[in-house]
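**Student:** Have a look at this prediction, sequence included:
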Amino acid sequence: MARDERQRGGARKQWVAYVTVGVISAGAALWVNRAPTVRHESVTRAGLAGSAAQTAPALGQDPNASAAGALPASLDGSSPPQLPSDGRGHLARTRAVRDFFDYFLTTQNEIPAATLDALVHRQIAAQVDGTPAADEALDVWQRYNAYLSAVGKLPQTSSLSAPSGAKPNLDALQLELDQRDALGTRLMGEWNAPFFGAESQQQHTDLARLRIASDASLSDAQKAARLAALDATLPPEVRAAHERIRQQQAALDTLSQAQAQAQKQGGSLDAMRAQITQTLGPEAAERAVKMQQADNAWQARYADYANQRAQIDKQNLPAQQRDAQVTQLRQQFFTNPSDAMRAASLDRGSGSGG
């Protein structure tokens, strides 16, 4: 029951973000998990594979590039992002290169490290073989692996490991951020800025905001003034992003209140529509209802799938045979790759990974 509620809660966050201004910037998330969250962030980016290199022309636009090696089951039906070019056969130093690697890193708990490495090598060759970008991509891949390995060995000092309700240790957060920045500079070299530059800047700003907000010696007015002064030092596009986030958060709060009120009235879609119409208007209400209907249908489909998966589990098959049958079953129920990935994630969360 608790797991079902968590699933529904995640779905509510999805449609709430959709109903409001749009998906909240990744920079608004708590920053302390930069490297370990490769799997989570890149799942979203992998779904945008076709536009991952939109800031630069792509190298090797071969629609059959993925044929260079079978993709793991969780990526079945998707296409790797394209490596970006600078127009002269070299890799363009953009975030899109990290997106390419992160796409494959989503499988790091699914396949052995050696298999993952070989897969990335094949995919690099499929896209940029015969150009300077091939050796450059292999070099960056080695650097990125070294960086991720080093970050994984850092002491866990973030607030995510603190007891629930405890105040974050801002000095520990600062140390963790500084350590990651230093590793990026040392191990990524000239690729540190395109991989982590904007993210690191956002994290430093977030930490400064946390320090101001948690300073008990400041009055509310003083905190507001210092936060405004901090915002004034940011680039215009960052300030605009912060304003969008504030607007989105206000809309999220409004929608959460509307949904809670609707549940008090029986939890029907009509009640939800009525409550959201009063606060955000009929168009937002209709989008919310459609998203909720779609999620209800998805949850019902997942429940049917989970029942059949449980029947496979009861057969006590060898692990490899069991996983193959579960993967086949999942693909039958979820033909959309992103839906299949979501189902696989829920399976792992319930201890029924396959």
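**Tutor:** In hand now; what should we look at?
**Student:** which residue packs closest to Asp215, ignoring adjacent ones?
**Tutor:** In space, and not counting its chain neighbours, Asp215 is closest to Lys223: 7.1 Å by C-beta to C-beta, 6 or more residues apart in numbering. All C-beta spots, glycine's among them, are computed from the backbone N, C-alpha and C.
**Student:** Show me how far the one helix or strand that neighbour maps to is from its chain's centre.
**Tutor:** For Lys223, the host element (DSSP states H and E) is helix 220-232. Distance, stretch centre to chain centre, for helix 220-232: 30 Å (C-alpha atoms, centre = their mean, to the nearest Å).
**Student:** One more: stretch 128-135?
**Tutor:** 29 Å.
**Student:** same deal with stretch 107-117?
**Tutor:** 19 Å.
**Student:** Quote the end-to-end distance of it.
**Tutor:** 11 Å (C-alpha to C-alpha, to the nearest Å).
**Student:** same thing with stretch 212-219?
**Tutor:** First-to-last residue span, stretch 212-219, C-alpha to C-alpha: 10 Å.
**Student:** cool, and stretch 180-188?
**Tutor:** End to end - C-alpha to C-alpha - stretch 180-188 spans 11 Å.
**Student:** average pLDDT across it?
**Tutor:** Stretch 180-188 comes out with an average pLDDT of 97.
**Student:** Give me the contacts around it.
**Tutor:** 34-35, 143-144, 146-147, 150-151, 154, 192, 195-196, 200 (C-beta atoms under 8 Å, 6 or more residues apart in numbering).
**Student:** Name the nearest of those relative to Glu283.
**Tutor:** Arg34 (36.5 Å; C-beta to C-beta).
**Student:** hang on, Gln292 packs against Asp270?
**Tutor:** No: counting by C-beta atoms under 8 Å, Gln292 does not reach Asp270; the two are 11.4 Å apart.
**Student:** more crowded one of these two?
**Tutor:** Gln292 (20 against 11; other C-beta atoms under 10 Å).
**Student:** Secondary structure element holding that one?
**Tutor:** Gln292 belongs to helix 282-313, assigned by DSSP H and E.
**Student:** What are the buried residues along that helix?
**Tutor:** 284-285, 287-289, 291-292, 295, 298, 302, 305-306, 309, 312 (16 or more other C-beta atoms under 10 Å).
**Student:** Reformat those residues as TSV; add pLDDT.
**Tutor:** Listed next are the buried residues of helix 282-313 as TSV, based on pLDDT from 0 to 100:
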residue	pLDDT
Ala284	82
Ala285	84
Arg287	86
Ala288	82
Val289	86
Met291	84
Gln292	82
Asp295	86
Trp298	93
Tyr302	95
Tyr305	96
Ala306	94
Arg309	94
Ile312	94
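**Student:** before we move on, the earlier item: list the buried ones in the helix holding Lys223?
**Tutor:** Buried, per 16+ other C-beta under 10 Å, within helix 220-232: Arg226.
**Student:** Give me the contact list for it.
**Tutor:** Contacts of helix 220-232 (C-beta under 8 Å, 6+ apart): Thr205, Ala208, Arg209, Ile212, Ala213, Asp215, Leu218, Arg239, His242.
**Student:** continuing past the helix or strand of the chain with the lowest mean pLDDT, what's the next helix or strand?
**Tutor:** Every helix and strand of the chain was ranked by mean pLDDT, DSSP states H and E. The lowest is helix 38-46, at a mean of 40. Counting by DSSP H and E, the next helix or strand C-terminal to helix 38-46 is helix 95-105.
**Student:** what angle separates the next helix or strand after that following helix from helix 95-105?
**Tutor:** Elements were assigned by DSSP H and E; along the chain past helix 95-105, the next helix or strand is helix 113-128. For helix 113-128 against helix 95-105, the angle by axes from the mean of the first three to the mean of the last three C-alpha atoms, to 10 degrees is 140 degrees.
**Student:** what about helix 113-128, distance to the chain center?
**Tutor:** With C-alpha atoms, centre = their mean, you get 22 Å for helix 113-128.
**Student:** Check which helices and strands that helix sits against.
**Tutor:** In terms of contacts (3 or more C-beta pairs under 8 Å, 6 or more residues apart in numbering; DSSP states H and E), helix 113-128 is packed against helix 95-105, helix 132-152.
**Student:** Mind checking these for the one nearest to Leu280?
**Tutor:** Closest among these, once you apply C-beta to C-beta, is helix 95-105, at 32.8 Å.
**Student:** Just the angle for that closest one relative to helix 132-152, thanks.
**Tutor:** 70 degrees.
**Student:** Would you mind writing the CA trace of the helix holding Lys223 as CSV?
**Tutor:** Taking C-alpha atoms only, helix 220-232 is exported to CSV below (Å, rounded to 0.1, in the frame of the first residue of the first chain):
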residue,chain,number,x,y,z
ASP,A,220,12.8,38.1,7.3
ALA,A,221,13.3,41.5,5.7
GLN,A,222,17.1,41.2,5.9
LYS,A,223,16.9,37.7,4.4
ALA,A,224,14.7,38.9,1.5
ALA,A,225,17.1,41.8,0.9
ARG,A,226,20.2,39.5,0.8
LEU,A,227,18.4,37.0,-1.4
ALA,A,228,17.4,39.8,-3.8
ALA,A,229,21.0,41.0,-3.8
LEU,A,230,22.3,37.5,-4.6
ASP,A,231,19.8,37.2,-7.4
ALA,A,232,20.9,40.5,-8.8
